[in-house]
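A.B. asks: Predicted model follows, preceded by the sequence.
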Amino acid sequence: MIRRAPVFSRILLGAVLLLSGLGYFLPMFAAFSIGDELHDPMALRLMHNLDASGLLAVAKFIHIIAGLALLLNRAVPAALAAAMCVNVCAAFIAVFIEGALMPALFAVLILSLIGLLMLACLPAYRPMLTSGAIADGESPEPGENFQSLFVNPLSGASRMQCLAALAPLIPAAAFFAWIVPGISGTIGLVVLALPAAALLVNAVRARG
């Protein structure tokens, strides 16, 4: 029975996520979407803005893909990681903004279920949790991995590598400066300043 618990939990979570996503796109499934009933004015306003921006549709699409992956037992660790990102936001709205018992309880239960299944898949995440892990396609040499370019300003990356790595930061900075409005754009620029500083220091220190 204990060995079957993760399988049952995976199937249950997959069904809940799939129905949650389908309930947004297909009204015929709306009755099976549990925990989406909100009444607090601020929560309703927030959900309306998420819907208008298209982010809610993205979140529900992630629910559909993650739900199918869990039901089919394919790419389960990736599906859980994607669902966790969406459901942390959903739990915040349900617990701290809506505050009603049933939506909050349901959101916490789903979040707990995702967390428990992620613990069961911990071996799949271990390479990413290792300090200085190298991603597929990277190598440990300076300038050949993300950390040596965008994190460590003393990695010894060459000037050409730094200039090449600067290419994606320029359009990203323009996006946050001229398209993303208000404080969100400012925060985006501040976040981009950190990898830009690492690249600048490496470029100044580089010999070639």
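C.D. replies: Yep, it's here.

A.B. asks: And for Ala81, nearest residue in space, chain neighbours not counted?
C.D. replies: Closest residue to Ala81 apart from its sequence neighbours, by Cβ to Cβ, 6 or more residues apart in numbering: Met118 at 7.3 Å. Where C-beta positions appear, they are placed from N, C-alpha and C, glycine not excepted.

A.B. asks: For Leu80, which three-state class applies?
C.D. replies: Per DSSP: H, G, I helix; E, B strand; the rest coil, the secondary structure class of Leu80 is helix.

A.B. asks: what's around the nearest residue to it once chain neighbours are set aside, how many residues?
C.D. replies: Distance criterion Cβ to Cβ, 6+ apart; nearest residue to Leu80, sequence neighbours excluded, is Met118 at 5.0 Å. Neighbourhood size, Met118 [other Cβ atoms under 10 Å]: 17.

A.B. asks: show me what contacts Met118?
C.D. replies: Pro77, Leu80, Ala81, Met84, Tyr125 (Cβ atoms under 8 Å, 6 or more residues apart in numbering).

A.B. asks: Could you do Ala78 as well?
C.D. replies: Ala69.

A.B. asks: which among the contacts of Met118 end up buried?
C.D. replies: Neighbour-count burial (16 or more other Cβ atoms under 10 Å) applied to the contacts of Met118 gives Pro77, Leu80, Ala81.

A.B. asks: how much space between the residue nearest to Leu80 and Leu13?
C.D. replies: Separation of Met118 from Leu13 (Cβ to Cβ, to the nearest Å) stands at 11 Å.

A.B. asks: got any ranges where the chain has weak pLDDT?
C.D. replies: Across the chain, residues meeting the criterion (pLDDT under 70) sit at 1-5, 31-36, 207-208.

A.B. asks: ok, which stretches of it are helices?
C.D. replies: With DSSP state H as the criterion, the chain has helices at 5-25, 41-53, 55-72, 76-92, 101-120, 122-129, 146-150, 159-166, 169-178, 182-205.
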